[in-house]
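K.L.:
test case, fold it:
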Amino acid sequence: MRTDLFDFELPAANIALRPASPRDSARMLVVRSDGGLLDRVVGELPQWLEPGDQLVVNDTKVIPAQLKGRRIGRDTEPKIEATLIKRLDGSRWQALVKPAKKLAAGDVVRFGHEGRVCLLGHLDAEVERKGEDGEVTLSFSFHGPALDQAISDLGSPPLPPYIASKRAPDERDATDYQTMFAANEGAVAAPTAGLHFTAPLEKALRERGIAIHRVTLHVGAGTFLPVKVDDTSGHRMHAEWGAISRETAAALNAARAKGGRIVAVGTTSLRLLESAAAEDGTIQPFDADTAIFITPGYRFRAVDVLLTNFHLPRSTLFMLVAAFSGLETMQRAYAHAIGSGYRFYSYGDACLMFRQAES
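P.N.:
Predicted structure coming up:
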């Protein structure tokens, strides 16, 4: 499909720079399966679900993946910024760096700025490989838990560029940009639909008879990237690692067999569930990378309802929601949201979507 079909104009005033407080007070646009739109708030979510429905949340935890340092070992030592995007093994990470033109394979970057050093000293990394669009493979001087500690000491929260360009990250972001379900470290971006949840909302969901299941998808930096090609067929998705346990898969299949719906909290949960689903919709245990790219025309096998935030123009995530509820419906929903002052992106409001009926 043409990428420009998924474009729209978003006023800067609609971009949220801080989350709602409390989190479940965020607005929620309900998109019904017939295309109807209703303005609600996230705290009303239990009212829109039925006993027996199964809520699936992503329990990935954001790491302090942004590192600042300088190239060493040559005549000049330019400043280098790196965002870790995928762990390769105990000492190697894929990363996005800038300015990428200042680095070549074999260069060494020493991380630690403004006097900050980790407990084990400065953190050095060799550029093992340099790819396209600023992507490099970094081989660090530390390994395993020692490397994790060094990254924790030196790194900062990787706020999305549409927030970081407006203000610097601060101490509030360390907690604001983490969901209440966060447990398994590895994400470089938050599964933002989960940011809306609070303990009272979780309690209300359980009292309504709605079970909550945890899966893990380590969100990568590719989630921020717009699709730059003219046709969606030419876009390459970044792979992300995900896992669904045998017990969780069995519980979801059993509930669905009894008529319960699967409600994905966030596009990350949805993408993982769809990656793990067989043709008949049965969810299989999963422990692998996924690069699933969902666009209109995709036949959903596992997910019936989606709670998500409002996404960027030309993004793979807007394409996904257009596939879920129909392109025309989502164009109308986003126009309504913009005109009604909904807050967009990671710290923004929510959209509760019921899958469009198959024609």
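K.L.:
C-alpha only now, for contacts and for neighbours.
P.N.:
Noted.
K.L.:
okay, now the unreliable bits of the stretch 201-350 of the chain?
P.N.:
Scanning the stretch 201-350 of the chain for pLDDT under 70 picks out the ranges 223-225.
K.L.:
the strands in it, which residues?
P.N.:
With DSSP state E, counting those that start in this stretch applied, the stretch 201-350 of the chain shows strands at 211-217, 240-244, 262-265, 286-290, 305-309, 350-354, listed in chain order.
K.L.:
list the helices and strands the first one packs on?
P.N.:
Other helices and strands packing on strand 211-217, by 3 or more C-alpha pairs under 8 Å, 6 or more residues apart in numbering; DSSP states H and E, are strand 54-58, strand 240-244, helix 246-257, helix 267-276.
K.L.:
so which of the strands of the stretch 201-350 of the chain comes closest to residue 168?
P.N.:
Checking those against residue 168 by C-alpha to C-alpha gives strand 305-309 as the closest, at 22.2 Å.
K.L.:
may I have the beta-bridge partners of the closest residue to residue 99 other than its chain neighbours?
P.N.:
The shortest distance from residue 99 to any non-neighbouring residue, by C-alpha to C-alpha, 6 or more residues apart in numbering, is to residue 80 (6.4 Å). With DSSP bridges as the criterion, residue 80 is bridged to residue 69.
K.L.:
quick one, what contacts residue 80?
P.N.:
By C-alpha atoms under 8 Å, 6 or more residues apart in numbering, residue 80 lies in contact with 68-71, 97-99, 109.
K.L.:
just to revisit the earlier point, okay if I get the strands of the stretch 201-350 of the chain as CSV plus mean neighbour count and distance to residue 180?
P.N.:
Written out in CSV, the entries for the strands of the stretch 201-350 of the chain read as follows (neighbours: other C-alpha atoms under 10 Å; distance: least, C-alpha to C-alpha, whole Å):
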stretch, mean neighbour count, distance to residue 180
strand 211-217, 21, 12
strand 240-244, 21, 19
strand 262-265, 25, 13
strand 286-290, 17, 23
strand 305-309, 27, 16
strand 350-354, 26, 16
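K.L.:
now render these as a markdown table, adding distance to residue 252.
P.N.:
Listed next are these as a markdown table, based on distance: least, C-alpha to C-alpha, whole Å:
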| stretch | distance to residue 252 |
| --- | --- |
| strand 211-217 | 8 |
| strand 240-244 | 11 |
| strand 262-265 | 7 |
| strand 286-290 | 13 |
| strand 305-309 | 14 |
| strand 350-354 | 18 |
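K.L.:
to residue 142, which of these lies closest?
P.N.:
It is, among the strands of the stretch 201-350 of the chain and with distance given as C-alpha to C-alpha, strand 240-244, at 22.6 Å.
K.L.:
quick one, what contacts the closest residue to residue 243 other than its chain neighbours?
P.N.:
Distance criterion C-alpha to C-alpha, 6+ apart; nearest residue to residue 243, sequence neighbours excluded, is residue 287 at 4.4 Å. Residues touching residue 287, when contacts are defined by C-alpha under 8 Å, 6+ apart, comprise 241-244.
K.L.:
also residue 40?
P.N.:
27-30.
K.L.:
can you redo these as CSV with distance to residue 343?
P.N.:
Compiled in CSV, those are given as follows (distance: C-alpha to C-alpha, whole Å):
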residue, distance to residue 343
27, 8
28, 10
29, 11
30, 15
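K.L.:
show me those residues that map onto strands.
P.N.:
Secondary structure assignment by DSSP state E places 27-30 of the contacts of residue 40 in strands.
K.L.:
just curious, which of these is nearest to residue 194?
P.N.:
Among the ones in strands among the contacts of residue 40, residue 28 lies closest to residue 194 (C-alpha to C-alpha), at 13.2 Å.
K.L.:
hmm, the closest one is touching residue 349, no?
P.N.:
Yes - taking C-alpha atoms under 8 Å as the definition, residue 28 is a contact partner of residue 349 at 6.1 Å.
K.L.:
what separation do you get for residue 273 and residue 300?
P.N.:
Note on residue 273: its distance to residue 300, by C-alpha to C-alpha, to the nearest Å, is 10 Å.
K.L.:
could you do residue 162 as well?
P.N.:
Spatial separation of residue 162 from residue 300 under the definition C-alpha to C-alpha is 30 Å.
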